[in-house]
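Q: This is a predicted model, with the sequence first.
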Amino acid sequence: MMADPAAATPLAHRAPGADLAVVAAIELGGATLLGAFLLADDSRLIVALLALLGAAFALLQIRPALEERIVAAFRRAQGAALGLGLAIVLAYPFAMQGNSYALHLLVVAQLYAVLALALNFQLGSANIPNFATGASYGIGAYASALLAINFGVSFWLTLPVAAAVATGFGFLLGFPSMRTRETYLALVTIAFGIVVHQMLNNLEWTGGPNGLVGIPAPTILGHSFAAPIEVFGHRLPSQANFYYLAAALVALAIVSARRLHDSRIGLAWNALRADELAARCQGINVVWYKMLAFAVDAFLAAFAGSVYAAYVSYISPDNFTFLVSVTIMTMVIVGGMDNTLGVILGAFLLTLLPEKLRIFADYRLLFVSVVVILFLILRPQGLFPQRPRSYGGRQ
Amino acid sequence: MTVPLLETRNLSIRFGGLVAVSGVDLSLSAGETLCIIGPNGAGKSTLFNLISGIYRPGAGTVRLDGRDITGWPAHRIAAAGIARTFQSSRLFGDLTLVDNVVIGMHCRTRTGVLDALLRPRRARAELEAAAERAGELLRLVSPGLHERRHRLAGTLPQADRRRLEIARALASDPKIILLDEPSSGMDDRDTDALIEDIRLTMTERPGLSYIIIEHDMRLVAALPERVAVIDYGEKIAEGRFGEVRLMPRVQEAYLGQKAAHA
C-alpha cells in the first residue's frame, strides 16, 4: 500500500494519550450536557445550557483547527471512542435518576435520529428532497400495529414485515418521482405524504381518525417491555426497555449509513447529487440509485415507526403528518448533510428543544422555519459538515 | 473487411424546426484519433451527446464493435465502453479527486446494496483497490494531480479540471474517449501543457481511440490523424488536417481568412 508521507508524519508524532483525553472529554462532556439538559426544570438553566452548546459551536466556527484536531483524535482513537460511547449509552438510563419523562424524551429523540438518518440517504447523500419520510414512518407503524392487533403477530416478526411494506411503498413513490426533478419532485413527495395521511384518516380498517388503540408491548424471553427493568437492585422505569431498543435501532442505522456511505453506492449517490448528467455518463443508472435511496429511507423509517407504535401503544394519523416530515428534514439540514453524527445531533436538538422550552412548542412551525433560515445563513453546511472520504488506512 | 470500432450512419436529430445534426456518417477504428472541427453551433457537441446517449437520435444508427447501441441510455453506453468529457467541465466538485476518479470506475466495480450492508469488508476492499488504481491513473495523467488527490475537485484551476476529467474518463477502461473541446477556456501555455499530457496518455494506452472536438488549431494540427468538418449539422469534409484545411468549402465555413493564410 502506498504510504502518504506528507499526511502520515504529523499524525504519528502525536501522543495517543492526548487523543484519548480529547475523546473522553468530548464524549463525557456531551453526555453530561445532555443529562443536565434533560433533568433541568428551570428554564433559565436550560437557556444557560443551550448558550454553552452554542458557545462550543461558535468556537469551532472561529477556530477550524480545533475541529480538525478533534476529528483527528477520534480517527486515531477509534476503538476507544466506540467503546466509551457504547458504555455511556448502556449506562445512561441509570444516570437519569428514575426520571421516566427524561427517558421518554430520549426514546423519542433516538427514533427521530433514526428517521433523520433515513432521510439523510436521500437529502444528504443524493440531494433528493423527500417530504414523505413521515409517511413511511406512518406506514411502518400502521403495518406493524395492524399485524400485532389483528393477527397477534409478535412484534419482532412485524418489524421486518413493516419494513418490507414501507420499502414497497418507497419504490412505488420513487417510480413516478423519477420523471420529475428538484422542486417538482418535492411536490410529488408532499402529495404522497398527504395521500397517505388522508388514507389512514379515511380507511375503515386503519381505525380512521381514532387510530389504533391497544398495541401490545413486545416481550423478550418472557420479559414484557411494559414492565420495569431490575438490574443489581437498580430499578429502571419501563421506558428503559424502549430506550435500549431505540438505541439498538440507532446503532443499526449508523452502521448501515456508514457502510453504504463508504461503498460504491454512497459514491454513486454523491455523484448524482453533484451532477446528474455527468453521473449518467460515468455509467451510473440514475433512476435505479434514486429509487434505491427512496427504498432505504422507507426501510429505516418503517423500523422507527414499528418501535414507536409498540412504545406508545396508540397511534393515529396525526402522528404522521406533513409537519413530521418537515421536522425530520430540518434535523438533517441543521445537523449537517451526509454527516452521521451531525444528523443525530440535529435530531436530538430539534426533539428536545420544543419539549424543554414550551415556548418553542407553541410556535413549532415558526421555530422550525427560523432555525432553518438561521442555519442556511450562518452555517449552511450544518453543525457538522460532510467530510471527504479517506482511503488507504487513513480512516 | 474489418468492422470499425465505432460507426455512425445517417445520424440525425432535430429540436423542433432546427436540424442540429443531419445524416452524419463517421467511422473510427481501434487506436485511431479523429478530430471534429466546425464553427460554433455547428452541432459538434450535439453529435457527442448523440453518441454518448444523452440525446436519443431522431434517425440513424450508432454501432460499437458492430453492436447496435442506438437509443441506449447513457449509463449503458458508458458501460459498453464510451467515456467522455464535457465542454464546460462537469466534475463532482464537492468530492475529492480520488472520489471523482473512483466514480469513473463505477461500471467496473461490482458492490451492490446487500454486499455493502452485509459484507462491508469486501465492499471496502473493492473501494480501496479502486482508490489505489485511481491514484495511479491520476499520476499517469499528471503528477500534480496525484499530489492533490485528497483535495476537493471544486478547488482545481481550469487546466487541472480538464486533466481530472480525462483521468475520470480513463478510469472506466473505455474503448473510446470523447473529448469535448479540451482546450476551451484556457490560455496558450495551459493548452500546450495539456496537449503534452494528452499525447503522453495516448502513448501510454496505444489501443485507445479518441474523438476530439477542438477549436484550437494548434491542438488540431498537433494531435489527430484524421479530421472531420461539421457545418450546419452536416459533415462537409473529412481527411488529413493538411488537406482538409485547403478545401475551399471548409475555409469558407470555418477557418476564415486568417487561418487560410496561416
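A: Received the coordinates, thanks. Numbering: from 1, shown residues only, chains lettered A, B, ... in the order given.
Q: Secondary structure element for residue A:380, which one?
A: Assigned by DSSP states H and E, residue A:380 belongs to neither a helix nor a strand.
Q: and it, what pLDDT?
A: Per-residue confidence (pLDDT) for residue A:380: 79.
Q: swap in residue B:255?
A: pLDDT recorded at residue B:255 is 55.
Q: tell me the mean pLDDT for stretch A:271-280?
A: Mean pLDDT, stretch A:271-280: 92.
Q: no, scratch that, I was asking about stretch A:158-170
A: Here the average pLDDT along stretch A:158-170 is 93.
Q: hmm, that stretch in reach of chain B?
A: No: Stretch A:158-170 stays clear of chain B (C-beta under 8 Å from any C-beta of the partner chain), getting no nearer than 11.4 Å. Every C-beta, even on glycine, is put in place using the N, C-alpha and C of the backbone.
Q: Now for residue 73, how many residues are close by?
A: Defaulting to chain A. 23 (other C-beta atoms under 10 Å in any protein chain shown).
Q: was after chain B, sorry
A: Neighbour number of residue B:73 under other C-beta under 10 Å is 15.
Q: Surely it touches residue B:55?
A: No: taking contacts as C-beta atoms under 8 Å, residue B:73 lies outside contact range of residue B:55: 11.3 Å.
Q: okay, and for chain A, where does confidence drop off?
A: Along chain A, segments meeting pLDDT under 70 span A:1-15, A:392-395.
Q: Okay, the residue nearest to residue A:104 when sequence neighbours are not counted and chain B: tell me how far apart.
A: The shortest distance from residue A:104 to any non-neighbouring residue, by C-beta to C-beta, 6 or more residues apart in numbering or on different chains, is to residue A:239 (5.2 Å). Residue A:239 sits 30 Å away from chain B, going by C-beta to the nearest C-beta, to the nearest Å.
Q: just residue A:58 next, same as before
A: Taken as C-beta to the nearest C-beta, the span from residue A:58 to chain B is 25 Å.
Q: Contact partners for that residue?
A: Neighbour list for residue A:58: empty [criterion: C-beta atoms under 8 Å, 6 or more residues apart in numbering or on different chains].
Q: For residue A:43, grab the count of nearby residues.
A: 12.
Q: Please apply the same query to residue A:273.
A: 21.
Q: Ok, residue A:210 next?
A: 11.
Q: tell me the contacts of it?
A: Per C-beta under 8 Å, 6+ apart, neighbours of residue A:210: residue A:316.
Q: 10 Å - rerun?
A: Residue A:210 makes contact with A:201, A:314, A:316-317, according to C-beta atoms under 10 Å, 6 or more residues apart in numbering or on different chains.
Q: Quick one: buried ones out of those?
A: Neighbour-count burial (16 or more other C-beta atoms under 10 Å in any protein chain shown) applied to these gives A:201, A:316-317.
Q: still on that earlier bit, among the contacts of residue A:210, which one lies nearest to chain B?
A: Using C-beta to the nearest C-beta, residue A:317 is the member of the contacts of residue A:210 that lies nearest chain B, at 31.3 Å.
Q: what's the closest non-adjacent residue to the closest one?
A: Residue A:317 sits nearest to residue A:200 (C-beta to C-beta, 6+ apart), 4.0 Å away.
Q: correct me, but that neighbour touches residue A:305?
A: No: counting by C-beta atoms under 10 Å, residue A:200 does not reach residue A:305; the two are 11.7 Å apart.
Q: Specify which residue of those two has the higher count of neighbours.
A: Between residue A:200 and residue A:305, residue A:305 has the larger neighbour count (other C-beta under 10 Å), namely 33 against 25.
Q: Pick the one among the buried ones among the contacts of residue A:210 closest to residue A:229.
A: residue A:316 (28.6 Å; C-beta to C-beta).
Q: could the buried ones among the contacts of residue A:210 go into JSON lines alongside secondary structure?
A: Converted to JSON lines, the buried ones among the contacts of residue A:210 look like this (DSSP: H, G, I helix; E, B strand; the rest coil):
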{"residue": "A:201", "secondary structure": "helix"}
{"residue": "A:316", "secondary structure": "coil"}
{"residue": "A:317", "secondary structure": "helix"}
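Q: The longest helix along chain A: which residues count as buried?
A: For chain A, the longest helix by residue count, based on DSSP state H, is helix A:286-312. By neighbour count on 16+ other C-beta under 10 Å, the buried set for helix A:286-312 is A:286-287, A:289-311.
Q: Chain A contacts on the stretch 151-262 of chain B?
A: Residues of the stretch 151-262 of chain B lying close to chain A by C-beta under 10 Å from any C-beta of the partner chain are B:151-154, B:165, B:168-169, B:171-172, B:174, B:178.
Q: now the residues you listed: which count as buried?
A: Buried members of those, counted by 16+ other C-beta under 10 Å: B:152-153, B:165, B:168-169, B:171-172, B:174, B:178.
Q: Just the ones in strands from the residues you listed, please.
A: residue B:178 (DSSP state E).
Q: Cool, thanks, signing off.
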